[in-house]
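[1] kindly return the folded structure for what I paste below:
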Amino acid sequence: MSLLCWNCRGLGNPRTVRVLHHLVKEKKPNVVFLIETLCRGNTMEKIICKLGFEGLFVVNPIGRSGGLALLWKENLFLEIFNYSRQHINAIIRNEDGSPGWKFTGFYGFPNAARRWESWELLRLLKTFQPSAWLCAEDFNEILDQSEKQGAALRRISQINQFRRALEDCDLSDLGFSGPRYTWCNNKRDDNFPQERLDRAVANTEWCSRFNYVRVQVLEAICSDHNPILILFNDVPYETGPSRRAFKFEAKWQLDPECNDISKAAWEQEVLESNQLKDIRARLSACQRDLTRWSKAKFRRDAELLKQKSRRLLELQGTNSPNQIEDIKQIQKDIDTFLKRSKMLMLKPHLDALTFVHVY
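    Down below sits the predicted model:
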């Protein structure tokens, strides 16, 4: 199972929506938690129609700030338990009937003067069942000075308040792989502030239930926050090859070769005893030939995108202001690629959606 969490800084920007689609397609999360969506429920409905999620819970922004959203797959037994402007609390139950566990998508108050309210909210959320608890995303605070670079040091009292709140809730940091800092102001100056604000924490009971847990800090293609991907299971991850079901991609229609490939495959000589078997054989030929053609046609583009994404992650991990211009250029290149490749042309499934609006 996997959860994607991201302070996206506004889904009203088409570029951010493209990146979200790309992340969902590449990482295939079961749950997505978004912060600072700056979008109301009706806008979020339109966005998730193309993402393949059936569940949506929205906490609307106030004016031009805030906004939370939780998205989940249809086969997931997820129930919203409570929420506020700073969190969404959900219970995730297992198909086998074993006890469920609690997931909290959390957004710490950006205003340092109100940060104490975030920690009181955490303590309150601890009291709700089930007791196995995973909490993740933007806490707007660091655990020690090593999680901050540039600008003034954080006050020790602020750090200690965060630490005490996690201790009181029996929450421990799950660690990470990838860039050390998850937030950057993206400005080339002497201070060049960077901080690790986005993280995943869990209590002892949750950690004992899921022995294999990984938290990956992903590349920041847009927004000043890196997304984080949480992967976990009670068995080791399978790394072997898997066979994917055939899916006709809408972007293929933009290439004239697609029609030629389909026509040639359909008109191949087929020796079958009845019409139904004849049609099945022709469809199988189209599937086979289109799959081979698409792999040859788009593999280079896909590999180029992966190379740029890896390079972006590498540069963001250097923590150097001298790399800002290179980072921005690669971010622009990736967005141009996503726009050109028409990755977002997916058929909406409105009938299968479950929408919940919170006003």
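
[2] contacts and neighbour counts: CA atoms only from here.
    Will do.

[3] and the helix or strand hosting Arg164, what does it pack against?
    Applying DSSP states H and E as the criterion places Arg164 in helix 156-168. Using 3 or more Cα pairs under 8 Å, 6 or more residues apart in numbering; DSSP states H and E, the elements in contact with helix 156-168 are helix 115-126.

[4] cutoff 10 Å now
    helix 115-126, strand 171-173, strand 198-203 (3 or more Cα pairs under 10 Å, 6 or more residues apart in numbering; DSSP states H and E).

[5] past the longest one, which element shows up next along the chain?
    Per DSSP H and E, helix 115-126 leads on to strand 133-138 as the next helix or strand towards the C-terminus.

[6] average pLDDT for that next one, rounded please.
    The average pLDDT for strand 133-138 rounds to 97.

[7] would you mind getting the angle between that strand and helix 115-126?
    Interaxial angle of strand 133-138 relative to helix 115-126 (axes from the mean of the first three to the mean of the last three Cα atoms, to 10 degrees): 150 degrees.

[8] centre of the chain to strand 133-138, how far?
    Offset of strand 133-138 from its chain centre (Cα atoms, centre = their mean, to the nearest Å): 14 Å.

[9] so what strands line up beside it?
    Sheet partners assigned to strand 133-138 using DSSP bridges are listed as strand 101-107 (parallel), strand 198-203 (antiparallel).

[10] distance to Leu70 added to those strands, as a markdown table?
    As requested, those are exported to a markdown table (distance: least, Cα to Cα, whole Å):
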| stretch | distance to Leu70 |
| --- | --- |
| strand 101-107 | 8 |
| strand 198-203 | 16 |
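
[11] for those, which one sits closest to Pro179?
    For these, proximity to Pro179 was assessed by Cα to Cα; strand 198-203 is nearest, at 11.4 Å.

[12] off-centre distance for that closest one?
    15 Å.

[13] now swap in stretch 315-335 and tell me
    Relative to its chain's centre, stretch 315-335 lies at 20 Å (Cα atoms, centre = their mean).

[14] helices along the stretch 151-300 of the chain, start to end?
    Counting by DSSP state H, counting those that start in this stretch, the segments of the stretch 151-300 of the chain that form helices are 156-168, 204-209, 256-266, 275-316.

[15] make CSV out of the helices and strands packed on helix 156-168 and add mean pLDDT and mean neighbour count.
    CSV is the format used below for those (pLDDT from 0 to 100; neighbours: other Cα atoms under 10 Å):
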stretch, mean pLDDT, mean neighbour count
helix 115-126, 96, 17
strand 171-173, 95, 18
strand 198-203, 96, 23
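
[16] out of those, nearest to Arg311?
    Closest to Arg311 of the helices and strands packed on helix 156-168 is strand 198-203 (Cα to Cα; 21.3 Å).

[17] now do that closest one and helix 156-168, the angle between them.
    Using the same axes, to 10 degrees: strand 198-203 against helix 156-168 is 40 degrees.

[18] now strand 198-203 - C-alpha only, PDB.
    Extracted C-alpha coordinates of strand 198-203, given in PDB (Å, rounded to 0.1, in the frame of the first residue of the first chain):
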ATOM      1  CA  ASP A 198       7.200  17.400   5.500                       C
ATOM      2  CA  ARG A 199       7.400  14.000   7.200                       C
ATOM      3  CA  ALA A 200       5.600  10.900   8.300                       C
ATOM      4  CA  VAL A 201       5.400   9.800  11.900                       C
ATOM      5  CA  ALA A 202       3.700   6.700  13.500                       C
ATOM      6  CA  ASN A 203       3.100   5.300  16.900                       C
END
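
[19] where does this protein have low pLDDT?
    For the chain, residues meeting the criterion pLDDT under 70 lie at 94-98, 188-190, 234-245, 250-251, 254, 270-273, 297-300, 319, 340-359.
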